[in-house]
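Q: my questions concern the predicted model and sequence given below.
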Amino acid sequence: MAPVPPDGWVGSVGEVGVRENRRVPVELITDPGDERIGDYRALTDVELRTRWEPPHGLFIAEGELVLRRALRAGYPARSYLVDAKRVDQLADLDTGDAPVYAATQDVLRSATGFHVHRGVLASFRRKPLPTAAEVLATAGRVVILEDVNNHTNLGAIFRAVAGLGVDAVLLSPTCADPLYRRSVRVSMGEVFAVPYAKLEPWPAALAQVQAAGFTVLALTPALDAVPVQRLDQAQRARAALLLGAEGAGLTGAAMAASDVRVVIPMRRGVDSLNVAAATAVACWELGRDDPW
């Protein structure tokens, strides 16, 4: 028996129904294996997505707010995939040449591997990354991450960086992809607003940061580290805050390449904060005297 399109769809009953979303026809997808939505397949499989997205120059945005922020940041859309009941959420967008696909929740779940409760997904083309030198040339304060490969932490760090006055993020080669769906979602789309670049070779390239006039501040729970609130004005002025992965922290090589070891003083026997929380606290402290 042929599937029946949702109420409001026009066209023949079958695999595709069409109605107008401004200038672009909206196509109803009824088969989770439809190649037209191949960009959205198995979104919960991190290994598969890591092998698929960067080599194909794409990333996935989840949720209307994130989608709109990606568009405002100038990322070109490849396609949109929405819950058939939520197509009207995109009615005001100029979707250009990107096709708009719609499907029931059952089809969305089968294709993506999870319940798309926000109801809106989009596939975007990536933009070329700037070089570390280009990022450093226009930044006053940066965060540098070593081996941060948890996408939730990475997204939270970008959100903190955007909100607390830091200008850019530099990533060691082993860091997670900031444009992975979970990172983008947790950042609330702020990964589109914060310039970032790969810093390599690692950790030798920390010398490039220092040569650009930055003081590399290695965040560590070490007992001999300087409390972050006691940094002098010169150390704060052009700070490059260096943080390591959750649990492992910074490697000895990265620590040795830094200028100052810095600690967030803790109480009640707690040795440190989650890396995203630590980033937020340290960024706030470094910028607390900045003009609003």
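A: In hand now; what should we look at? Residues are numbered from 1 along each chain as shown.

Q: helix or strand for residue 96, just tell me which one.
A: Under the criterion DSSP states H and E, no helix or strand holds residue 96.

Q: isn't it right up against residue 77?
A: Yes. Here residue 96 reaches residue 77: they are 6.8 Å apart, a contact under Cβ atoms under 8 Å. All C-beta spots, glycine's among them, are computed from the backbone N, C-alpha and C.

Q: the two: which is more packed in?
A: residue 77 (20 against 10; other Cβ atoms under 10 Å).

Q: what about stretch 233-247, start to end distance?
A: 30 Å (Cα to Cα, to the nearest Å).

Q: what's the answer for stretch 83-96, then?
A: 20 Å.

Q: could you pull out the buried residues of that stretch?
A: 83, 84, 87, 89, 90, 93, 95 (16 or more other Cβ atoms under 10 Å).

Q: out of these, who's nearest residue 43?
A: Nearest to residue 43, judged by Cβ to Cβ, of those is residue 83 at 14.7 Å.

Q: counting neighbours, what do you get for the closest residue to residue 201 other than its chain neighbours?
A: Distance criterion Cβ to Cβ, 6 or more residues apart in numbering; nearest residue to residue 201, sequence neighbours excluded, is residue 173 at 8.0 Å. By the criterion of other Cβ under 10 Å, residue 173 has 12 neighbours.

Q: now do the strands in the chain.
A: 18-21, 24-28, 58-62, 77-83, 100-103, 120-125, 142-145, 168-171, 196-198, 215-219, 226-227, 239-243, 260-263 (DSSP state E).

Q: and residue 291, which of those strands is closest to it?
A: For these, the distance to residue 291 is smallest for strand 239-243, at 16.5 Å, taking Cβ to Cβ.

Q: now do the closest one: distance to the chain's middle.
A: Taking Cα atoms, centre = their mean, to the nearest Å, the mean C-alpha location of strand 239-243 is offset from the chain mean by 19 Å.

Q: and stretch 106-118, how far out from the chain's middle?
A: 21 Å.

Q: I meant stretch 283-292, not that one.
A: On the basis of Cα atoms, centre = their mean, stretch 283-292 sits 23 Å off its chain's mean C-alpha point.

Q: again with stretch 65-85
A: On Cα atoms, centre = their mean, the centre of stretch 65-85 falls 14 Å from that of its chain.

Q: end-to-end on it?
A: OK, stretch 65-85 end separation, Cα to Cα: 17 Å.

Q: count the neighbours of the closest residue to residue 156 other than its chain neighbours for me.
A: Leaving aside its chain neighbours, residue 156 sits nearest to residue 276 (3.6 Å; criterion: Cβ to Cβ, 6+ apart). Other residues near residue 276 come to 22 when the count uses other Cβ under 10 Å.

Q: the residue nearest to residue 279 when sequence neighbours are not counted: neighbour count?
A: Excluding its sequence neighbours, the residue lying closest to residue 279 (Cβ to Cβ, 6+ apart) is residue 157, at 4.8 Å. Neighbourhood size, residue 157 [other Cβ under 10 Å]: 31.

Q: distance of the residue nearest to residue 201 from residue 45?
A: To residue 45, residue 173 is 22 Å away according to Cβ to Cβ, to the nearest Å.

Q: same thing with residue 188?
A: 24 Å.

Q: just to check, residue 220 is in contact with residue 250?
A: Yes. If you go by Cβ under 8 Å, residue 220 and residue 250 touch, sitting 6.2 Å apart.

Q: who has more neighbours out of the two?
A: More neighbours surround residue 250 than the other of residue 220 and residue 250, with 23 against 20 (other Cβ under 10 Å).
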